[in-house]
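K.L.:
Build the 3D model from these lines:
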Amino acid sequence: MKSSRVDPIPSGVSRRTFLRCAGLTAGFMIVPSAVLRGAVSPNDKLNLAGIGIGGQGAWDLEQVAGENIVALCDVDSAYAAHTFKQYPKAKPYQDFRVMLEKEKSIDAVVVATPDHWHALVSITAMKLGKHVYCEKPLTRTVREARRVAQVARETRVATQMGNQGMAFEGNRLINEWLADGAIGPVREVHVWSDRPTHKGKLPLWWKQGIERSPETPAAPDSLNWDLWLGPAPYRPYHKDYAPFSWRGWWDFGTGGLGDMGIHNLAPVFSALNLGAPESVCASSTPVFKETVPLACVVHYQFPARPGLPPVKVHWYDGGLLPARPDELEDDRDLNPEDGIIFVGDNGKLLVEGWGGERPRLIPEARNKAYQRPPKSLPRSVGHHREWIQACKTGSPTRSDFTQFSGPLTEAVLLGSVCVRNGGEKLLWDSANLKITNVAEANRWLHYDYRPGWNI
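P.N.:
The predicted structure is shown next:
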């Protein structure tokens, strides 16, 4: 790997100007502290720990199992039992703080807890000099995203967010084709996911658009419920939250936008060099006090960037889709699960699948006639492998916390803030992390942690 996120350089913009605007001036490289200490050589195996290992975390660990898995942590011993069993030599823990205190040999951690834990775990690990791979979305709140990126910048550890599509070949093709002028300047983009539905239909992947159940059953003996809640406001245990359905509750997740929006919007941010939006507005099905609505549409307005025009980005979830493009063949439908439509002055680029999987110009006749440009971007060795290499050598990753995944998460979650506030247009002052026209909406940028927890 020679580079992390490499965006197309617009015509008329010098490489030096582009790199300066992108914050990638010559000689700049984030070098992990462990590399500076000489703690890990490229030929050594890292000592890794998994935090949150019952679901997605189990898969993440399989991707890095060539390293030394020395410790595992989960608040639910039954839900994570299969992972504890898979790595019998790894020391088991329930509290990640205890694990990090006792296991001094840990070089890096893989974090796959529910969203409301991401910031606390990642920041704690980074401050101890541990490299961090954290699942998406990077955080549960906008303010957390800013703080995580700040700590990553200060500690200089190797970081990667788990939006695996950033390693896809299609992701790079999107960058190269748009930079080649395949459809001309892009002024509008439509992005969607069917979550939390299945191909736009019931049943839901997880519960949302509901009120809290009045039932207060006892938590399973295997689950430390208070520790599962962590910084979130206290509430009695219910199966509607753990171990899987937490994503639809505002206290723990951000619904389809936080789940798949990070995946599907990432190629847009990368290819168009997007940063913070100027404004956001939204519409949705009824917004409940405690849960994400069943479906929403979010409209982001981004300013011009060097050599690139202003652009509107529209997000759809819960089975909603953008208007069918006229250029799409009569015998083909939009992918009902995930997709992107880049609307340029001279045509449209359709991306089918999640994370930028399968791009093509439409109609198909134009796609076949298009002369592809030479491949100019470095290809990925694998999303998780990028991070492992970064831990050992200081090489960059494509979805690091400081330059890409932190700002991406911050912008995406501003859409959640807008939805939760009722959809009214919000004007965003990114420099001061503040909504300027609707003061009361700022309350959704973060929340008061329970006593004993802070970032």
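
K.L.:
Could you list the low-pLDDT ranges of the stretch 351-455 of the chain?
P.N.:
In the prediction, the stretch 351-455 of the chain carries no residues with pLDDT under 70.

K.L.:
for it, what spans make up the strands?
P.N.:
Using DSSP state E, counting those that start in this stretch, the strands of the stretch 351-455 of the chain run over residues 358-362, 426-429, 434-435.

K.L.:
and of the ones you listed, who's closest to residue 387?
P.N.:
Among the strands of the stretch 351-455 of the chain, strand 358-362 comes nearest to residue 387, with 24.7 Å by Cβ to Cβ. Every residue, glycine included, has its C-beta placed from N, CA and C.

K.L.:
Switch the strands of the stretch 351-455 of the chain over to JSON lines; also include distance to residue 454 and mean neighbour count.
P.N.:
Below are the strands of the stretch 351-455 of the chain laid out as JSON lines (distance: least, Cβ to Cβ, whole Å; neighbours: other Cβ atoms under 10 Å):
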{"stretch": "strand 358-362", "distance to residue 454": "43", "mean neighbour count": "20"}
{"stretch": "strand 426-429", "distance to residue 454": "24", "mean neighbour count": "18"}
{"stretch": "strand 434-435", "distance to residue 454": "21", "mean neighbour count": "18"}
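
K.L.:
Redo those as a markdown table? Include distance to residue 51.
P.N.:
Listed next are these as a markdown table, based on distance: least, Cβ to Cβ, whole Å:
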| stretch | distance to residue 51 |
| --- | --- |
| strand 358-362 | 33 |
| strand 426-429 | 32 |
| strand 434-435 | 32 |
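
K.L.:
With residue 280 as the reference, name the closest of those.
P.N.:
Closest among the strands of the stretch 351-455 of the chain, using Cβ to Cβ: strand 426-429, at 5.4 Å.

K.L.:
Report the distance from the closest one to the chain centre.
P.N.:
On the basis of Cα atoms, centre = their mean, to the nearest Å, strand 426-429 sits 21 Å off its chain's mean C-alpha point.

K.L.:
which residues touch that strand?
P.N.:
Applying Cβ atoms under 8 Å, 6 or more residues apart in numbering, the contact partners of strand 426-429 are 276-281, 414, 417-418, 434-438, 441.

K.L.:
State the distance from residue 251 to residue 229.
P.N.:
8 Å (Cβ to Cβ, to the nearest Å).

K.L.:
which residues do these two both contact?
P.N.:
residue 235.

K.L.:
more crowded one of these two?
P.N.:
residue 229 (22 against 19; other Cβ atoms under 10 Å).

K.L.:
Surely the more buried one touches residue 450?
P.N.:
Yes: taking contacts as Cβ atoms under 8 Å, residue 229 lies within contact range of residue 450: 7.3 Å.

K.L.:
picking that back up, buried among the contacts of strand 426-429? Make that a ChimeraX selection.
P.N.:
Buried residues within those, by 16 or more other Cβ atoms under 10 Å, are selected in ChimeraX with:
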select :276,277,279,280,281,414,417,418,435,441
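
K.L.:
From the contacts of strand 426-429, which land in helices?
P.N.:
414, 417, 418 (DSSP state H).
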